[in-house]
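>>> here is my input; please provide its structure:
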Amino acid sequence: MGACTYPIDHILDPTMVKVHACLQALQFAEDLSFRRILVEGDALTVIRKMKSTNEDKSVIGMVIRASKDKVETFEEIEFCYIPREVDAVAYGLAQEGKQLESAKY
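Here you go, the predicted model:
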């Protein structure tokens, strides 16, 4: 198990922030050589797009594609929506990340 938080500068759109967080989480899991992972998130749009087999042509499509490329490196992966009210740990990490100048693992 692991956790990381990092600042995302110059991105104001909340969905874009969430999709970048998803990509970073996948990179983090890959760096730690995890083979089976569960990715939980409170951005239903991002979770749905990661589960979809359709090509994403939206504004976040490039980051979705980069994230889906990472999916291939895992033996087993599941994406699960978790309501923000339930995901207190992620909320705490996000608040801490706003204060950081670099990543914290």
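>>> what strand or helix carries Val39?
strand 36-41 (DSSP states H and E).
>>> now the angle between strand 36-41 and the helix or strand following that strand, please.
Proceeding N to C from strand 36-41, the next assigned helix or strand is helix 44-51, under DSSP H and E. Interaxial angle of helix 44-51 relative to strand 36-41 (axes from the mean of the first three to the mean of the last three CA atoms, to 10 degrees): 150 degrees.
>>> which helices and strands does helix 44-51 pack with?
Contacts defined by 3 or more CB pairs under 8 Å, 6 or more residues apart in numbering; DSSP states H and E place helix 44-51 against helix 14-31, helix 61-71, strand 76-81. Backbone N, C-alpha and C define where each C-beta goes, glycine included.
>>> need the contact partners of stretch 8-21.
41-43, 45-46, 49, 59-60, 63-64, 67, 97 (CB atoms under 8 Å, 6 or more residues apart in numbering).
>>> again, only using 7 Å
41, 43, 45-46, 60, 63-64 (CB atoms under 7 Å, 6 or more residues apart in numbering).
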